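Undergrad: okay, sequence plus prediction incoming.
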Amino acid sequence: MANYIALLRAVNVGGTGKLAMTELVAMCEAAGFAKVKTYIASGNVVFQSAKSEAKVKADLEARLASYAGKPVGVMVRTATEMAAVLAANPFPDKAPNRTVAIFLDDAPPKNAAAEARHLKDEEIAPGKREIYVHYGDGMADSKLVIPAAKAGTMRNMNTVAKLAAMAAAL
């Protein structure tokens, strides 16, 4: 059994995609996932499964689409991958609440940072299947647009660290 983290896109953020975490746990358990735990109400869940990453993603996306009546994007990482995302943070000396990993299904395009628009004081760096961003003055006033990140979902480094620890402890 592998330890996984699933990151749901646009759930309980800014009034969109309402989903009770108890419902998310029930969906995961119905999919056969074990030791299911959620972290904060923004669509973070850790669990164990014997299924492949692709099967975990497909099963969870199908259940969420049935529940929500529309597609809900899910990014899946193993506990080892999430720990690697944390370790690879190119901005380790920056505030972890202002540094995010935008999780993608595939490797970001080589020109992801070059195609970013409306940069102010943000810094961007590619990862393996992530795009890292440090928001200098914070995200509240940022107008940053990264076209390659459109289908991704972001988590700050505090959340990444917590999810990595939770998944490792399963």
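TA: Thanks, I have the structure now.
Undergrad: just give me the neighbour total for Glu65.
TA: Slight slip there: residue 65 is Ala, not Glu. By other CB atoms under 10 Å, the residues close to Ala65 number 12. Where you see a C-beta, it was placed from the backbone N, CA and C, and this is true even at glycine.
Undergrad: low-confidence ranges in the protein?
TA: The chain contains residues with pLDDT under 70 at 11-17.
Undergrad: okay, domains of it per the record?
TA: Domain assignment for the chain, taken from automatic domain parsing, gives 2-80, 83-168.
Undergrad: roughly how far does Ala168 sit from Ala50?
TA: Using CB to CB, to the nearest Å, Ala168 is found at 18 Å from Ala50.
Undergrad: then Tyr132?
TA: Counting by CB to CB, the separation of Tyr132 from Ala50 is 31 Å.
Undergrad: the more surrounded of these two?
TA: Higher neighbour count among Tyr132 and Ala50: Tyr132, with 23 against 11, using other CB under 10 Å.
Undergrad: how about that one, secondary structure?
TA: strand (DSSP: H, G, I helix; E, B strand; the rest coil).
Undergrad: and Asn97, by the same measure?
TA: Assignment for Asn97 (three-state DSSP): coil.
Undergrad: also the one 3 residues further on?
TA: Recorded secondary structure, Val100: strand (three-state DSSP).
Undergrad: what's opposite it in the beta bridge?
TA: Per DSSP bridges, the residues bridged to Val100 are Val133, Asn156.
Undergrad: so it makes contact with Gly152?
TA: No: look at Val100 against Gly152 with CB atoms under 8 Å: they stay out of range, at 10.1 Å.
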